[in-house]
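**Student:** Give me a model of this one.
(chains A, B, C and D)
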There are 2 protein chains.
Amino acid sequence: MSNYNCNNIPRVKHWYAERVTNVFDDPRITAVGLLFEAHAGLSARFNAQLEEHGLSAVEFEVITRLARSPGNQLRMTDLAAQTSLSTSGVTRVVDRMERDGLLTRRACPNDRRSSYAVVTGTGMQRLNETLPGHLQMIEQWFTGQLDPEALAALLDGLRRVRDAAHPCATAGSDDASPEQFAATDGAPRRH
Amino acid sequence: MSNYNCNNIPRVKHWYAERVTNVFDDPRITAVGLLFEAHAGLSARFNAQLEEHGLSAVEFEVITRLARSPGNQLRMTDLAAQTSLSTSGVTRVVDRMERDGLLTRRACPNDRRSSYAVVTGTGMQRLNETLPGHLQMIEQWFTGQLDPEALAALLDGLRRVRDAAHPCATAGSDDASPEQFAATDGAPRRH
DNA sequence: GCCCAACGACTGCTTGAGCAACTATAACTG
DNA sequence: CAGTTATAGTTGCTCAAGCAGTCGTTGGGC
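**Tutor:** Residues are numbered from 1 along each chain as shown, chains lettered A, B, ... in the order given. Okay, here's the model as predicted:
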């Protein structure tokens, strides 16, 4: 690993310099760097494509999760649990998307505290316009970069890491969604 | 391209529901989901640990990149190029960190437009306090989850994806930093 | 049935980040 | 050397997101 000559830099120069400097060659750092950069790179590509369709990453994730749910709807809280957002975050995204005609709120008949966010026809249409290109992007920049075994190995490793590290309580609704699609930039839910 | 059954999809249940629903089983979606969730999970873990030492992910990335650079310093622009931040973003982080005593600005002797951000003694100390735990977190939640070959395979795959997708122009200073450490949540620089 | 704790959604406030505009220097061009 | 253009950094403005607090609703204990 490690063509890490990014810092062929270690030098001697300053007080603590040496002390800390060499640590950066640690393969663990390299590993994290790779993962994070791959993520950043893909995010950037995806965002660009989504933006062409007038969606932010968060909005895309929201509409995706709603669309894949029965009735194209989800209670606000459940939506929050499935996304990288807090409940107040969800309130606001849904506000914006409702304003833009992609979503509507619908009262929950059983529980008057709850309300559903529902994808509108316009919203579904937007999603259908967006998805093909999105899948193409994934293929182009991610899955298509590797032959099948390599991809399988990669996914296998990722799955293990994900299972270990994923903030299992993606806030509330536990692990209701293993393997779920995450289109955001993955900001850690709450600081 | 195309096992794109994204649209051959029709089914019947709900208006559009079916139509879109099955698309979400697409392995490409799954793949992205894994990568993004692994990233989100690790970010969350790391953030928690960094916070114990009073650093945000961005601050940690900044101080790390400075510390690994010759003289523990970098020009503002170069720092921006190496991080997930815009130049104005850098101005502000450095403001905060300077206020907190972790960094100082120093005028550049050659070019009076430029200035360096330099890590202070306090800053180095803070970093030294933080790093061991950070490495431990990486091991605990990431590298330690896999046996050596699996890890190698994972990293290999990530490297290929990274090389393909990474916004090569990490803004300005091109690809000055392959394999660099990225501790942020990897928000796409400028969408 | 009444009370109180828990829950769901929303709102005020604060923070962090980007873009665009601006200032100051530096580098070209003739 | 004067004038133009490019670069480095900062600042004003906007916007998205989280936290904490609020209000209405629900459900459990008694």
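
**Student:** Could I get the full set of helices for chain A?
**Tutor:** For chain A, applying DSSP state H gives helices covering A:17-21, A:27-52, A:57-67, A:76-82, A:87-99, A:121-141, A:148-165.

**Student:** tell me which strands and helices the longest one is in contact with?
**Tutor:** So that's helix A:27-52. Here helix A:27-52 touches helix A:57-67, helix A:121-141, helix B:27-52, helix B:121-141, helix B:148-165, going by 3 or more Cβ pairs under 8 Å, 6 or more residues apart in numbering or on different chains; DSSP states H and E. Where C-beta positions appear, they are placed from N, C-alpha and C, glycine not excepted.

**Student:** before we move on, what about the fifth one?
**Tutor:** Helix A:87-99 is packed against helix A:57-67, helix A:76-82, strand A:103-107, strand A:115-119, with contacts defined by 3+ Cβ pairs under 8 Å, 6+ apart.

**Student:** Does chain B have contacts with stretch A:149-157?
**Tutor:** Yes: under the criterion of Cβ under 8 Å from any Cβ of the partner chain, chain B is reached by stretch A:149-157 at A:150-151, A:153-157.

**Student:** of all the helices and strands packed on helix A:27-52, which lies closest to residue A:37?
**Tutor:** With distances scored as Cβ to Cβ, the stretch of the helices and strands packed on helix A:27-52 nearest to residue A:37 is helix B:148-165 (4.8 Å).

**Student:** Could you list the residues in contact with that closest one?
**Tutor:** Here helix B:148-165 makes contact (Cβ atoms under 8 Å, 6 or more residues apart in numbering or on different chains) with A:1, A:30-31, A:34-35, A:37-38, A:41-42, A:44-45, A:141-142, A:145-146, A:150-151, A:153-154, A:156-158, A:160-161, B:35, B:143, B:146.

**Student:** For it, could you pull out the residues that count as buried?
**Tutor:** Going by neighbour count (16 or more other Cβ atoms under 10 Å in any protein chain shown), the buried part of helix B:148-165 is B:151, B:153-165.

**Student:** what's the closest of the residues you listed to residue B:94?
**Tutor:** Using Cβ to Cβ, residue B:162 comes nearest to residue B:94 of the buried residues of helix B:148-165, at 27.0 Å.

**Student:** can you pull the pLDDT of that closest one?
**Tutor:** Looking at residue B:162, its pLDDT is 95.

**Student:** Next: residue A:143.
**Tutor:** For residue A:143, the predicted pLDDT is 97.

**Student:** can you check residue A:24 too?
**Tutor:** Value listed for residue A:24 in the pLDDT field: 79.

**Student:** go on, the one 4 residues further on?
**Tutor:** The model reports residue A:28 with a pLDDT of 94.

**Student:** circling back: point out the most buried one among the helices and strands packed on helix A:87-99.
**Tutor:** helix A:57-67 (a mean of 25; mean count of other Cβ atoms under 10 Å in any protein chain shown).

**Student:** how far is that helix from where the chain is centred?
**Tutor:** Helix A:57-67 sits 10 Å away from the centroid of its parent chain (Cα atoms, centre = their mean, to the nearest Å).

**Student:** same thing with stretch A:114-121?
**Tutor:** Centroid separation between stretch A:114-121 and its chain, computed with Cα atoms, centre = their mean, is 21 Å.

**Student:** how about the helices and strands packed on helix A:87-99 in JSON lines, adding distance to DNA strand C and mean pLDDT?
**Tutor:** Formatted as JSON lines, the helices and strands packed on helix A:87-99 follow (distance: least, Cβ to the nearest atom of the strand, whole Å; pLDDT from 0 to 100):
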{"stretch": "helix A:57-67", "distance to DNA strand C": "13", "mean pLDDT": "97"}
{"stretch": "helix A:76-82", "distance to DNA strand C": "3", "mean pLDDT": "96"}
{"stretch": "strand A:103-107", "distance to DNA strand C": "6", "mean pLDDT": "98"}
{"stretch": "strand A:115-119", "distance to DNA strand C": "5", "mean pLDDT": "98"}
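
**Student:** Ok, which of those comes nearest DNA strand D?
**Tutor:** Among the helices and strands packed on helix A:87-99, the nearest to DNA strand D by Cβ to the nearest atom of the strand is helix A:57-67 (3.9 Å).

**Student:** on that earlier part again, mind checking which of the helices of chain A is nearest DNA strand D?
**Tutor:** Of the helices of chain A, nearest to DNA strand D by Cβ to the nearest atom of the strand is helix A:87-99, at 2.4 Å.

**Student:** Check whether that closest one comes near DNA strand D.
**Tutor:** Yes: under the criterion of Cβ under 7 Å from any atom of the strand, DNA strand D is reached by helix A:87-99 at A:88-89, A:92-93, A:96.

**Student:** for these, which one is nearest residue B:109?
**Tutor:** Ranked by distance to residue B:109 (Cβ to Cβ), the residues of helix A:87-99 next to DNA strand D are led by residue A:89 at 46.3 Å.

**Student:** For that closest one, give its distance to residue B:128.
**Tutor:** According to Cβ to Cβ, to the nearest Å, residue A:89 and residue B:128 sit 35 Å apart.

**Student:** The closest residue to residue A:138 other than its chain neighbours: neighbour count?
**Tutor:** Excluding the flanking residues, the one nearest residue A:138 by Cβ to Cβ, 6 or more residues apart in numbering or on different chains is residue B:28, at 4.3 Å. By other Cβ atoms under 10 Å in any protein chain shown, 21 other residues sit near residue B:28.

**Student:** The one 3 residues further on too?
**Tutor:** With neighbours defined by other Cβ under 10 Å, the count for residue B:31 comes to 22.
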